[in-house]
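Visitor: Let's see this in three dimensions:
(chains A, B and C)
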Amino acid sequence: MTGPIDASSLAVKVWRGREDGAYQRFTVPRRANQTVLDVVTWIQRHLDATLAYRFACRVGMCGSCAMMVNGQPRWTCRTHVAKVAKDDALTLAPLDNLPVIKDLATDMTGFFDKWQRAGGRFMPREQPPADFAFVPPQTRERRAVDAGIECIGCGVCYAACDIVRWNPEYLGPAALNRAWTLVNDVRDGAGAGRLSLVAGDAGCHACHSQESCREYCPQHLNPTAAIAGLKRATAMATIKGRL
Amino acid sequence: MSVAAVTRREARLWLAQRASAAVLAVCVLVHLVLIIYAVRGGLTAAEILGRTRGSVAWLTFYLLFVAAVAVHAPIGVRTILREMTDWRGRSLDHAAVLFGAVLAAFGARAVWGLFR
Amino acid sequence: MKAASATRPLSWRKGAHPSYAAFVVHRISGLALAAFLPLHFWALGQAIEGEAALDGFLGWAERPLVKLGEFVLVVLLAAHLAGGVRLLILEFLGWSDWQKTAVAVTAGFSAAAGALFLLNLAG
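Guide: Numbers count the residues shown, from 1 in each chain, chains lettered A, B, ... in the order given. Purely as a prediction, here's the structure:
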């Protein structure tokens, strides 16, 4: 922890248990430049060693520390307490829309399964390429890929999305965003088959552009725009009878 | 119905929803302007009928309007019901078609009544 | 100190941003308009019975509560139109850097339509 101790302390409510459980209250000393990750770590080290939570890099690169902070999905290592703690109060809960393993740790298996179901991996062409692919960075396709390629699969958008909550089959913003980067990857060999994976109720057509995914993405990506791209691509395929 | 066929159907419904929306964007704008204009000094049957009676232009416009609405509204309501209630499947699909048919029938009747 | 066990409550604060509000307005207005339409078509269909029947309905519609309802419907229609146009642009033209401005514009359009309606009712 860095910085001098402030006079005030934080009243922190932390979810304990699994789907069934309860909030447990802790009082945590407030410090300058404190992040929410600092708070969780302080609780686990000084008050309750049984608290389960995830983190890894601590510097906003891995996405492991994502959880609900005062009702909004965030990376705790990049969330300053001063910015979110109104009236010195914090409520911490595991990410929405994912099963809870324990306390603040969720099971991301379903999230990554949907990634695969959306065709979220590169598929090479039949024949090995004769040479390196030339992909000029300013082409429309490459700019579309670049806009979405920095996704690290943290699950914040998935937790933010109401369609994920209402529609258990919905693949979700991250999986669809990744699919869009592959649709635009000129080296990819999967072709039009990708589009049927991301169309329909489970796919892009279920999105209503609430844009919570874009609002909360810590990498400032725009899954709504990627999904809109998939809507256009699948519409074209539908019109041409190729879906 | 196979998964592929269901997916195709949902994609087609989405497309129909957006296409009818584009038509309605124009129709509703005209309609709003007309409402705001016509409501001046009170609304009478004579004023309305004076505009619509015998006018093929208004007949065509309103029939197009009704057709677009009869596509757009049922698809929208179906989406909401599937997302926010437990109702889905063929009974909902049939109900949506019925709603569209009712809108088309009552709408066409109204348009005809204003024209003849 | 733990309270008694309960199921994890899902957050509602996630929707505290303009595009989400736009979605809620669009959904509610759409539902309201869909419910209103059969009544609207029936009322206009009175014209089939002749000018007097239509005038009879219009006379009933002069009542202040009905006029208030009409005002609400005009605002809802304008809101649904504006929100819908914003979505069509988002989905088909892919513009995305001006979303908050777009939501504000749609709200302004609906307010303007409602205001103009009221002004013309009075004048």
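Visitor: so what's whatever residue of chain B ends up closest to chain A up against?
Guide: Per Cβ to the nearest Cβ, B:Thr7 is where chain B lies closest to chain A, at 3.5 Å. For every residue, glycine as well, the C-beta is placed using N, CA and C. Shown in contact with B:Thr7 (Cβ atoms under 8 Å, 6 or more residues apart in numbering or on different chains): A:196, A:199-201, A:203, A:243.
Visitor: out of everything not next to it in sequence, what's closest to the closest residue to chain B within chain A?
Guide: For chain A, the residue closest to chain B is A:Gly200, as judged by Cβ to the nearest Cβ, at 3.5 Å. Once flanking residues are discounted, A:Gly200 sits nearest to B:Thr7: 3.5 Å by Cβ to Cβ, 6 or more residues apart in numbering or on different chains.
Visitor: again with A:Lys102
Guide: Closest residue in space to A:Lys102, ignoring its immediate chain neighbours: A:Ala52 at 4.2 Å, by Cβ to Cβ, 6+ apart.
Visitor: where does that neighbour land on pLDDT?
Guide: A:Ala52 carries a pLDDT value of 98.
Visitor: residues contacting C:Ala111?
Guide: When contacts are counted by Cβ under 8 Å, 6+ apart, C:Ala111 is found next to C:Val75.
Visitor: CA atoms of the one helix or strand it maps to as CSV?
Guide: Assessed by DSSP states H and E, C:Ala111 sits inside helix C:99-122. The C-alpha trace of helix C:99-122 is given here as CSV (Å, rounded to 0.1, in the frame of the first residue of the first chain):
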residue,chain,number,x,y,z
GLN,C,99,-23.1,8.1,-29.5
LYS,C,100,-23.8,10.3,-26.5
THR,C,101,-24.4,13.3,-28.8
ALA,C,102,-26.8,11.1,-30.9
VAL,C,103,-28.8,10.1,-27.8
ALA,C,104,-29.1,13.8,-26.8
VAL,C,105,-30.2,14.7,-30.3
THR,C,106,-32.9,12.0,-30.2
ALA,C,107,-34.1,13.3,-26.9
GLY,C,108,-34.2,16.8,-28.2
PHE,C,109,-36.2,15.8,-31.3
SER,C,110,-38.8,14.0,-29.2
ALA,C,111,-39.1,17.1,-26.9
ALA,C,112,-39.4,19.4,-29.9
ALA,C,113,-42.2,17.3,-31.5
GLY,C,114,-44.1,17.2,-28.2
ALA,C,115,-43.7,20.9,-27.8
LEU,C,116,-44.8,21.7,-31.3
PHE,C,117,-47.8,19.5,-30.9
LEU,C,118,-48.9,21.3,-27.7
LEU,C,119,-48.3,24.7,-29.3
ASN,C,120,-50.5,23.9,-32.2
LEU,C,121,-53.2,22.5,-30.0
ALA,C,122,-53.4,25.8,-28.3
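Visitor: Please work out the average pLDDT along that helix.
Guide: The pLDDT scores in helix C:99-122 average 85.
Visitor: Which parts of it count as buried, going by neighbours?
Guide: For helix C:99-122, a neighbour-count test (16 or more other Cβ atoms under 10 Å in any protein chain shown) marks C:99, C:102-103, C:106-107, C:109-110, C:113-114, C:116-118, C:121 as buried.
Visitor: Run through these and flag the ones next to chain B.
Guide: C:113, C:116-117, C:121 (Cβ under 8 Å from any Cβ of the partner chain).
Visitor: Nothing else from me, thank you.
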